[in-house]
Structures are given as structure tokens and as C-alpha cells.
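Undergrad: only the shape, not the letters, is given here:
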């Protein structure tokens, strides 16, 4: 099955910031997380995908159509929840729902009402008068019911409390399981990544560090406690603190320890947050 979104050699310059070159494919049925520190280019990349900014080089195709072409029918297949929404402040939730729902033929009114009840969203208040957390909840309530093929979320849980984050995760999982869909989520919240993501696209200062399958990445790093400090470099060595070694190639590292007669006292997998920190250094 062809990719739903194809990004090839994408580049964008803004003042002293350079994004790219970025190449990435989004497959149906997957959740891809864009991971990186603030200023890594995640939001810029999403804006380029939505054709809210113009690329300097490279291409983006959504469902086979170039995003900068005359045919914009692809936009009805995508829903985008930006981190900061411009132009909504003067409107109530009720008005926003009427405007947005009319644009999407698969709008799910029952799902919208369910999310409103779940988060106790006051639809009679102007968007600009809501707290940042409530704005995010309303934005989600206006994004999921569009029932588009692709959902794009930029830091969607940044202002949510812990119970709301849990509800948010459940909603996204239910939404993904209902039909064949795809999600792109930009987030530095480790819980989002651990619970939701199938793939991680890691970015640093506008550059692509790598595109990883999450479970494979988790299996690729291991910390070892040894009975002596190795003299040489251990295969896949990422960090060293005396007799404690982290390797990104456990099989080769363990073979090395056996050959060098270095006893492994203990070993453990790394959590996702540690691995991401190492990739971003």
C-alpha cells in the first residue's frame, strides 16, 4: 500500500534556522511521533505538511497530490490541531463546531458530544476566555470528530492535567481502532510517545537524527554493570561511568565481554526517555 504522506528532501530556511533536508513517509494504520527539543523544527515541519508555509526545496505529497498544487482536495482528508490556534479567540465552542462540522462530511456529532461531556467543556464561552488546558480540550473535540484519514497534533497534551492526558490517550486509541487511519503527533511528553507511538522521527536543530520503530529502538539499548572496566571501546558504546556501560548493540557488546572475560554483574533495558536523551545529545 502506498504511503499517505511522502516527504522528500524538504528544506526551509527562516532567519538563522535551517530545516532539513527531511525525508519521511507516513503509512496508513500507524502513529508517528515527531520528537525533539524546543526549536528542533517539529512545528515548522507540520506547517509545511499543511501548506501553511512554503518550502525552499524538496516536495510533500499527500494522497498522491503535491500540497503546493492547485488541487487542495487532500485537505479534507487531514485534520490539524496546532499548538497555538490563531483566529478562534472571538468565537464560542458552539460557533466553532458549526463552522468546522459543515466542512467535513464524515463529522461525528456523537463523538463531539462525548468529548465535550468527558472534559466538561463550556461551549458558550469564547475560545480566548478559556484556560490553555481547556483550549486544548476543545481543540481536540473539534479535531477527532472530523474523522479524517490523517490526524496531525502539535503538542496536544502540553497543558493537560494527568487525568485528562489519560482520557486523551484512550480517545486517540479508540479513534485509531475504528478505521484505518494515521496520526502524526509532535510531542516531548514521554508518556505520549510510550503509550501511542509506533514510530519515532527524531529531530535536532532542524536535522533528522533518525526514523525508528519504537519497540525495536527499546530493544536496541542496554545498560551493563561489569566486574571490571573495559580497556577498549565496547561495541555500540553510548556512555560509560566506570564499570557501568550503555551499548546500542547488545549482542555485539555481550560477545565482546565474553571474549575479554569481563563478567556481567547485571544488565537492564533503558526506558524511552533515556534513549531519546542520548539520541538528542
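TA: Looks like it arrived, so ask away. Not measured: the values here are computed from a predicted model.
Undergrad: the stretch 151-281 of the chain: helices as residue ranges?
TA: Secondary structure of the stretch 151-281 of the chain, counting by DSSP state H, counting those that start in this stretch: helices at 162-178, 190-196, 214-219, 250-259, 272-280.
Undergrad: mind putting those helices in JSON lines, mean neighbour count, mean pLDDT and distance to residue 8 included?
TA: Just so you know, the C-beta spots here come from the backbone N, C-alpha and C atoms, and that holds for glycine as well. Conversion of those to JSON lines gives the following (neighbours: other CB atoms under 10 Å; pLDDT from 0 to 100; distance: least, CB to CB, whole Å):
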{"stretch": "helix 162-178", "mean neighbour count": "15", "mean pLDDT": "94", "distance to residue 8": "26"}
{"stretch": "helix 190-196", "mean neighbour count": "18", "mean pLDDT": "86", "distance to residue 8": "25"}
{"stretch": "helix 214-219", "mean neighbour count": "14", "mean pLDDT": "96", "distance to residue 8": "23"}
{"stretch": "helix 250-259", "mean neighbour count": "16", "mean pLDDT": "98", "distance to residue 8": "33"}
{"stretch": "helix 272-280", "mean neighbour count": "17", "mean pLDDT": "94", "distance to residue 8": "23"}
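Undergrad: figure out which of those is closest to residue 132.
TA: Nearest to residue 132, of all those, is helix 162-178, at 12.0 Å by CB to CB.
Undergrad: distance to residue 134 added to the helices of the stretch 151-281 of the chain, as TSV?
TA: Converted to TSV, these look like this (distance: least, CB to CB, whole Å):
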stretch	distance to residue 134
helix 162-178	10
helix 190-196	19
helix 214-219	31
helix 250-259	45
helix 272-280	28
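Undergrad: among those helices, which is nearest residue 207?
TA: Closest among the helices of the stretch 151-281 of the chain, using CB to CB: helix 272-280, at 11.1 Å.
Undergrad: tell me the contacts of residue 264?
TA: Counting by CB atoms under 8 Å, 6 or more residues apart in numbering, residue 264 touches 224-226, 254, 257.
Undergrad: which of the residues you listed lies closest to residue 266?
TA: For the contacts of residue 264, the nearest to residue 266 is residue 225 (4.4 Å; CB to CB).
Undergrad: and the nearest residue to residue 142 once chain neighbours are set aside, what element?
TA: Distances taken as CB to CB, 6 or more residues apart in numbering put residue 100 closest to residue 142, at 5.4 Å, once the chain neighbours are dropped. For residue 100, the host element (DSSP states H and E) is helix 93-101.
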